[in-house]
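Participant: Pasted the sequence and its predicted model underneath.
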Protein chains: 2
Amino acid sequence: MSDRTFTVVFQPSGRRGVARPGQTVLDVARDLGVYIESICGGHQTCGKCRVQVSDGRFDKYGIQSTPAHLSPPDESERACAARCGLVSNERLACSARILGDVVIVVPEESRIKRQVIRKEVGARELRVRPVMRPYYVEVPAPALEESRGEWERVQEQLAEHFGLQDVSADAPVMRALQAALKEGRRGITLIVREGREAVHVYPGYREDLYGLAVDVGTTTIAGHLAHLRTGEVLTTVSMMNPQVTFGEDIMSRVSYAMRHPDGRERMHRAIVEALNQLVREAAEDAAISPNDIVDVVLVGNTVMHHLFLGLDPTPLGGAPFTLAVQDTVRMKARDFGLEVAPGAEVHVLPCIAGHVGADNVAVLLAEAPHEVEGEIHLVIDVGTNGEILLGNHARVLAASSPTGPAFEGAQIRHGMRAAAGAIERVRIDPETLDVRFRVIGEERWNTEWPADALDAFDVAARARRNQGRATVVKARGICGSGIIEAIAELWRVGAIDDSGRFVPGLEKETDRFRSDAAKGEFVLAWSHETATGEAITVHSDDIRAVQLAKAALYAGAKLLMNRLGIARVDRVKLAGGFGTYIDPVHALMLGMIPDASPERVHAVGNSAGDGALMALLDRELREEARRLARWVTYVGTALEEAFQEEFVAAISIPHARDPFPHVEALVANAEPWRSERRARVQPRKRRRRAR
Amino acid sequence: MSDRTFTVVFQPSGRRGVARPGQTVLDVARDLGVYIESICGGHQTCGKCRVQVSDGRFDKYGIQSTPAHLSPPDESERACAARCGLVSNERLACSARILGDVVIVVPEESRIKRQVIRKEVGARELRVRPVMRPYYVEVPAPALEESRGEWERVQEQLAEHFGLQDVSADAPVMRALQAALKEGRRGITLIVREGREAVHVYPGYREDLYGLAVDVGTTTIAGHLAHLRTGEVLTTVSMMNPQVTFGEDIMSRVSYAMRHPDGRERMHRAIVEALNQLVREAAEDAAISPNDIVDVVLVGNTVMHHLFLGLDPTPLGGAPFTLAVQDTVRMKARDFGLEVAPGAEVHVLPCIAGHVGADNVAVLLAEAPHEVEGEIHLVIDVGTNGEILLGNHARVLAASSPTGPAFEGAQIRHGMRAAAGAIERVRIDPETLDVRFRVIGEERWNTEWPADALDAFDVAARARRNQGRATVVKARGICGSGIIEAIAELWRVGAIDDSGRFVPGLEKETDRFRSDAAKGEFVLAWSHETATGEAITVHSDDIRAVQLAKAALYAGAKLLMNRLGIARVDRVKLAGGFGTYIDPVHALMLGMIPDASPERVHAVGNSAGDGALMALLDRELREEARRLARWVTYVGTALEEAFQEEFVAAISIPHARDPFPHVEALVANAEPWRSERRARVQPRKRRRRAR
């Protein structure tokens, strides 16, 4: 009987092999390269290795397979099954022993390489294959005449139950080991990096471990806190980059580092402190300890990259724009001053070139233009520094464009970042020039607000709010998507002309327009609609700032299109760390992006942050990032004369030269009133549009 | 002509192969696996790759070899040859190109694996094969359209000139790289660990790099500062272990950690601070910067090992005496708080068992009993914790023995560590009981001191001293070797009996003896011979402390001999962190070690420190240490009843039970006066000796 063997087939992989009678399903699976999740390594503690027995007597593999072909559950398995909520046909692979030929079904959630499709990261499949994994071990009490140390005894358990050889202990683990063994009554959970280094230790059994993916933008820092085993995003937090006090855009930061001997160090410290604040906020939000964060992925443009790594950004400020390091940088969180688990790793994605950073690589990971066959995709990450990708599987070009912070609400009189109270949606009535808007944190458009909520500074009204009646989140400012819509709408209704100037005589048509010498401003929200009690307006200077910003993005995209020899793109993805998505129609009208059918323009949210998250959850994407960073073709914009030329032409709305047929079509519906106002106040303007 | 090849033979290895015309000697050597030193990688900067052309026209290899078969030195080589002191028949391997068949002689100093025989570490060969090596690279200025970073460009140079692939940069190197490239005008020297990780960077060319080997003893910390390329020891420094304030021996330190919640952390900080002080002293002494120390090897007994690593030593205080970690521990100096180069590695040798530590492994490396064929060697490392090894190539037993700090000058009334002014040699005249002594820092015995140097507290005398006349280093106390000699001599001349008590009536024979109820003290140095102006004496309590200490060592050795089933050993090595060596004759007389012929007892100095130094200089010994730590057979003494029994019997001088024929013979010469005194004052004592 002892030399009998049984046939075991695993579904859905179809792997088959032989088992000795009495072998556990987990052992057989490991021998056959079927990766079944197990944190406790067979101690009937974690319940992660649940499998089902295919119950067809003879199935397609010709195997007679019944639950009786496995050993019945013992008391320990029954207890774990009850605790972990196993259903009737499920068994623990670590406990069930082979007693006959069987077909074992491994459900998705028991597979080590789980597949999770996340809405937030678009259509791209995301696998959860984290760098850090938990391993629960029970270490027998030491005996006299045993000369090995506790760590060697832990290593033995890791080898025996998980097949991990020569795992090393990071210094913080070595120091915490004895106390953890004591507190956990000889049972501990180790967090092990790539099966090689224990970076964290918990007393007892533990299955929760967390990671943070952060996109350090010039103006905004945004982070996702994720569960590293399930892939679940627990919270997403964002904050201003405190470096804005040293300069609003990247070149002014570089200049600050050049002019002040301690500038680089001050900006480095500022960003590390900010990251620590972000860590605390995210951890508090998710009700975990910062010490439970064991893996961190950081991305950012090249100047942010250098500043958070403590490198000198000044070579990035002038030709030949040399990076200190292009490749992936890995360091210990403690070497970085980051207050997460001290053994945690900080993994910084690679850069592409002097002006094309790790944030662009993250956008590549998230939007994957290199996986597109045939179609040409244009991906624009809108930020203070615009990141632009163009191409498909054959070739992807990358550039960055000095957009300025207008789209992040900076350099805008009433600008603010995308937070509660920011105007994010704007509609202007073409006839009355009346404005509807919606703010972040408030479902209703302002026109639907209850009337009694409007007297904000009325104490009685505030008291009513506190009683739960008639409350609204009033407007506090305008965020990026709001300013885009506001200006596009002003242009659509003919309140501003193609050069971005308010049309003469506008004050006669609406009291929302206030003239101010050669300049002027247009009221979006009246004082009673704002939390501050002051009207929120769009000023001539704001329009100019947005024109320059959108021209920079457009010129960058155009430069890449020219390099690729194409006049139009098949699909446009608009990414950006906005609170909400940019409206493709308004982006098109403004001429932020090359003309395209609005259905082929997609707002994809914070792609850089999503790419960082993907690299956090899937270790194989970290290798892909390295390959992509070298594979992508970098196109410099800074010294290109063509860029300047494209930039100047793109300042007009939508463009001084390039045709925008889809925008023409969009505006055509509104053409009667539009052309009427234009004809009345500024007939000469029609000339260009008629071309 | 271009597909012609030439034959090249390297001496003394005899390796031969073919070379293409014009290949450098260094390239050919690398291809053939002949390791020629080169720091600058062929930039004619370091001059380390000097070789000679064998000038026999036809030598034993049948090769016609003349200097003309190499390209003549170019200007760059001639400049380097002049600067580096090359002699006429020497060439730089990186510059000389093959133009015909040649036999190349690689001198010892040009070989990467140099062999250095160091007197201090006994007869064992020591090779200099350090973990850290310097590499000089010149990195071309970056060009526009070059997207790689500076680090990638450094990696390229390391690969091209030294064949090092994928070298990673430690965080401090990454941060210092840009400034070093600038300051060194694109030439930098990287210190690379095992060809894999750059841990330090210098601007320009640099060939000096240093390492520190430290033995952290319970009472004394001693360190060697060595040049990692040449193997030269620049300085040896020592200091008191500041942990003595927490307890004089290891068990009282463990007890302190048990009784105080912050005890472990306080002792850890104390030792790290002490190590930093040692680093500063050693660096100052050798006129280098602490920042130039790039490698550190630490050894110590198991309690010291745990305390300096920040581990909990309390499990070592009771059965089953479990180590936190037995194996080698490697960490970054900065994780340790050690103020050397931040990228430096701290390498802690492995322990053997709960009571047999890394110091014992270091003694093994230095004394290598496992390499002895036939003879049985006994190695005793005398310290507050005595480390004992016994065996030969077939088997080595290891034990540790709780000696107490007497041999390090603690628990001795006038005890001090081995520093200037410590009495280290003592001779007592058997007839007059007069004393001669010598102190550390003073060549002459006290009987040869100039008379006018003796009035130490005479201001005029001090002034004369300052003028360079008649100065001596007066006695300040007694160190370990001094107390051993003093007590052995007191016993030899019959002033104390075998039980260690002063013989009755001694005060009638000499005014050096001062009776004090049941106790007494014997003056070694009169007040005018000491720096303090107070007499230095040996007290009954001191004798008792030394008896207990020597009994512990003897009992430990005896236990191992019994385990091996032998009654005598072939050779005894007495190691210890004393200022000078223990005198074998006095150690024998005292019964510190089993009886042996004095010629077969060797004082070998600070073996643990030497072993640490060897591991610092030769990376292969680090692997050997791991193998040995597992191979050695550990013998516990703490719970052995036999140990207690042996200990009690060994308190007598030389021993209550075991025969000491060699000591009998030594004493026989002095027997007439000895037996006379004994007969006169204590005749009954002769009984035991007559057995």
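Facilitator: Nice, I can see it. Numbers count the residues shown, from 1 in each chain, chains lettered A, B, ... in the order given.

Participant: burial of the residue of the stretch 401-550 of chain A found nearest chain B, as a residue count?
Facilitator: With C-beta to the nearest C-beta as the measure, residue A:401 is the residue of the stretch 401-550 of chain A nearest to chain B, at 17.0 Å. For glycine as for every other residue, the C-beta is placed from the backbone atoms N, C-alpha and C. As a burial measure, residue A:401 scores 28 neighbours (other C-beta atoms under 10 Å in any protein chain shown).

Participant: what does residue A:434 give?
Facilitator: As a burial measure, residue A:434 scores 12 neighbours (other C-beta under 10 Å).

Participant: Beta-bridge partners for the spatially closest residue to it that is not a sequence neighbour, please?
Facilitator: Of all residues not flanking residue A:434 in the chain, residue A:428 sits nearest, at 7.2 Å (C-beta to C-beta, 6 or more residues apart in numbering or on different chains). Residue A:428 forms beta bridges with residue A:435, as assigned by DSSP bridges.

Participant: my guess is residue A:428 meets residue A:490, correct?
Facilitator: Yes. Using C-beta atoms under 8 Å, residue A:428 is in contact with residue A:490, at 6.6 Å.

Participant: Could you list which residues are in contact with residue A:268?
Facilitator: Applying C-beta atoms under 8 Å, 6 or more residues apart in numbering or on different chains to residue A:268 gives the contacts A:307-310.

Participant: ok, the residues you listed vs chain B, which is closest?
Facilitator: Taking C-beta to the nearest C-beta as the measure, chain B lies nearest residue A:310 of the contacts of residue A:268, at 4.9 Å.

Participant: That closest one is in contact with residue B:176, isn't it?
Facilitator: No. Residue A:310 lies out of contact with residue B:176 (C-beta under 8 Å); the separation is 9.9 Å.

Participant: joint contacts of those two?
Facilitator: Counting by C-beta under 8 Å, 6+ apart, residue A:310 and residue B:176 have no common neighbour.

Participant: Tell me the bridge partners for the residue of the stretch 401-550 of chain A closest to chain B.
Facilitator: With DSSP bridges as the criterion, residue A:401 is bridged to residue A:386.

Participant: per-residue pLDDT, it?
Facilitator: pLDDT recorded at residue A:401 is 87.

Participant: you'd agree it is up against residue A:384?
Facilitator: No. Assessed by C-beta under 8 Å, residue A:401 is found out of contact with residue A:384, at 10.4 Å.

Participant: Residue A:490 - nearest residue in space that isn't next to it in sequence?
Facilitator: Distance criterion C-beta to C-beta, 6+ apart; nearest residue to residue A:490, sequence neighbours excluded, is residue A:496 at 4.7 Å.

Participant: give the contact list for the residue in the stretch 351-500 of chain A positioned nearest to chain B.
Facilitator: Going by C-beta to the nearest C-beta, chain B is nearest to residue A:353 of the stretch 351-500 of chain A, at 3.6 Å. Contact analysis of residue A:353 by C-beta under 8 Å, 6+ apart lists A:302, A:321, A:323, A:326, A:398, A:634, A:636, B:147.

Participant: again with residue A:479
Facilitator: For residue A:479, the contact set (C-beta under 8 Å, 6+ apart) comprises A:409, A:415-419, A:422-424, A:440, A:578-579.

Participant: Next step: those residues restricted to strands.
Facilitator: Using DSSP state E, the members of the contacts of residue A:479 that fall in strands are A:422-424.

Participant: one step back: just the closest of the contacts of residue A:479 to residue A:588, please.
Facilitator: Set against residue A:588, the nearest of those by C-beta to C-beta is residue A:578 (16.5 Å).

Participant: Sweet, I'm off.
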